[in-house]
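Visitor: no FASTA, just this:
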């Protein structure tokens, strides 16, 4: 069976969306404090854009693939034990706590 992973561009787009939302939230929280401070000689760490290199994206895709595969396999085991031929949300809900602890 071929290991098909998530699309790198998709995962990168999701990461960028999360990073931009967090940056906006951080700006809202800092609000007036950011206006009162003086800019230093260099750029602060907060002002820099968050990026991920290619290897980090590949590793993230592989981690997500492994996580989803394991979730489906565990849910399928529960569904099979109940005599159901289809995985339902309740099966995923039952395996989720232990899955999160394992990862």
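Guide: That came in fine, so what should we check first? None of the values given here were measured: they were computed from a predicted structure.

Visitor: three-state assignment of residue 49?
Guide: Assigned with DSSP: H, G, I helix; E, B strand; the rest coil, residue 49 falls in the coil class.

Visitor: Count the neighbours of it for me.
Guide: Using other C-beta atoms under 10 Å, residue 49 has 8 neighbouring residues. Yep, even glycine has a C-beta here, placed from its N, CA and C like the rest.

Visitor: any idea how far it is from residue 68?
Guide: As judged by C-beta to C-beta, to the nearest Å, residue 49 and residue 68 stand 28 Å apart.

Visitor: How many neighbouring residues does residue 91 have?
Guide: Neighbours of residue 91 (other C-beta under 10 Å): 22.

Visitor: All the helices of this protein, residue numbers only.
Guide: For the chain, the helices defined by DSSP state H cover 8-30, 32-36, 54-81, 89-102.

Visitor: List the contacts of the last one.
Guide: This points to helix 89-102. Outside helix 89-102, the residues within contact range by C-beta atoms under 8 Å, 6 or more residues apart in numbering are 67, 70-71, 74-76, 78-79, 82, 84.

Visitor: Name the spans of the chain whose pLDDT lies under the cut-off.
Guide: 1-3, 32-47 (pLDDT under 70).

Visitor: same thing but at 90, please
Guide: Within the chain, the stretches with pLDDT under 90 are 1-5, 23-52, 54, 103.

Visitor: Contact partners for the residue nearest in space to the middle of it?
Guide: Central residue of the chain (C-alpha atoms, centre = their mean): residue 15, 7.2 Å from the mean position. Counting by C-beta under 8 Å, 6+ apart, residue 15 touches 52, 57, 60.
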